[in-house]
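1. sequence and predicted model, in that order:
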Amino acid sequence: EDQVTQSPEALRLQEGESSSLNCSYTVSGLRGLFWYRQDPGKGPEFLFTLYSAGEEKEKERLKATLTKKESFLHITAPKPEDSATYLCAVQAMASGGYQKVTFGIGTKLQVIP
Amino acid sequence: GAVVSQHPSWVICKSGTSVKIECRSLDFQATTMFWYRQFPKQSLMLMATSNEGSKATYEQGVEKDKFLINHASLTLSTLTVTSAHPEDSSFYICSAEILAGGTEAFFGQGTRLTVV
């Protein structure tokens, strides 16, 4: 069974204090790993897709990296508006020939001014 | 980015009634849409994968007859919660994929369902 574990569950940072969020996964036949941002009461907002180990993607203060077992979301000099829950998800081929997405529980990030 | 619109954003219904939730891709065609359910402080749980013109693929433990999915066109998928009960109260979210140099999935804003 595919598993996605995110750590920490919650993270509190001072504005400007860089850190990393971790997403560990166990999946057969990874097709892609996704990072999303979710604000309370709203649907997830797409950030990145990573496909293979060694791949990196950047967007503003965020940088996502991927290895064969985990992914990191690095946040450089965060601002209060970066406060949100960050979700990691993996896409793999399920029995029956369709692609299944499994989400982690998320890391709730709070950036304090 | 692409826009996925979900309607309604919240609904309150009586136990035993049915509720329909719509998911539309506004500026792209989505051959595949996904329906998720999210309980407080829990991760999104995939309920079903909806393919245009064919039957939906349901995840284990999701009742097909209770959660009816129709993907009638390339821009519209609907989820109908039939004979709703209080335990069906949850946050339902749809997403649609587009292939743009890679797979990107865009989510609707979600529907908060409360069954009383």
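-> Structure's in. What do you need? Numbers count the residues shown, from 1 in each chain, chains lettered A, B, ... in the order given.

2. any idea which helix or strand comes after the worst-scoring helix or strand of chain B on mean pLDDT?
-> Within chain B, judged by mean pLDDT, DSSP states H and E, the helix or strand with the poorest mean is strand B:103-107; its value is a mean of 78. Counting by DSSP states H and E, the next helix or strand C-terminal to strand B:103-107 is strand B:111-115.

3. buried stuff in that next one?
-> Counting neighbours by 16 or more other C-beta atoms under 10 Å in any protein chain shown, one finds that the buried residues in strand B:111-115 are B:111, B:113, B:115. To be clear about C-beta, it is placed using only N, CA and C from the backbone, and glycine gets the same treatment.

4. wait, what's in contact with the spatially closest residue to the last one that is not a sequence neighbour?
-> What it means is B:Val115. Distances taken as C-beta to C-beta, 6 or more residues apart in numbering or on different chains place B:Ala84 nearest to B:Val115, at 4.5 Å, with adjacent residues excluded. Going by C-beta atoms under 8 Å, 6 or more residues apart in numbering or on different chains, B:Ala84 touches B:13, B:15-19, B:113, B:115.

5. up against chain A, what does chain B have?
-> B:1, B:4, B:6, B:34, B:36, B:41-46, B:49, B:57, B:59, B:91, B:93, B:95, B:102-110, B:112 (C-beta under 8 Å from any C-beta of the partner chain).

6. and if we set it to 7 Å?
-> With C-beta under 7 Å from any C-beta of the partner chain as the criterion, chain B meets chain A at residues B:1, B:34, B:42-44, B:46, B:49, B:57, B:93, B:102-110.

7. could I have the buried ones of those as ChimeraX selection syntax?
-> In ChimeraX, a selection of the buried entries from these looks like this (16+ other C-beta under 10 Å):
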select /B:34,43,44,46,49,57,93,103,104,105,106,107,108,110
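
8. any stretches of the chain with poor pLDDT?
-> No chain was given, so I picked chain A. For chain A, the stretches flagged by pLDDT under 70 are A:94-99.

9. that's the other chain; I wanted chain B
-> For chain B, residues meeting the criterion pLDDT under 70 lie at B:1, B:99-103.

10. give me the residue from it nearest chain A.
-> B:Phe107 (3.7 Å; C-beta to the nearest C-beta).

11. dig out what that residue forms beta bridges with.
-> Note on B:Phe107: beta-bridge partners B:Ser95, judged by DSSP bridges.

12. correct me, but it touches B:Ser95?
-> Yes: under the criterion of C-beta atoms under 7 Å, B:Phe107 makes contact with B:Ser95 at 4.5 Å.

13. give me the common contacts of the two.
-> Common contacts of B:Phe107 and B:Ser95, defined by C-beta atoms under 7 Å, 6 or more residues apart in numbering or on different chains, comprise B:Val4.
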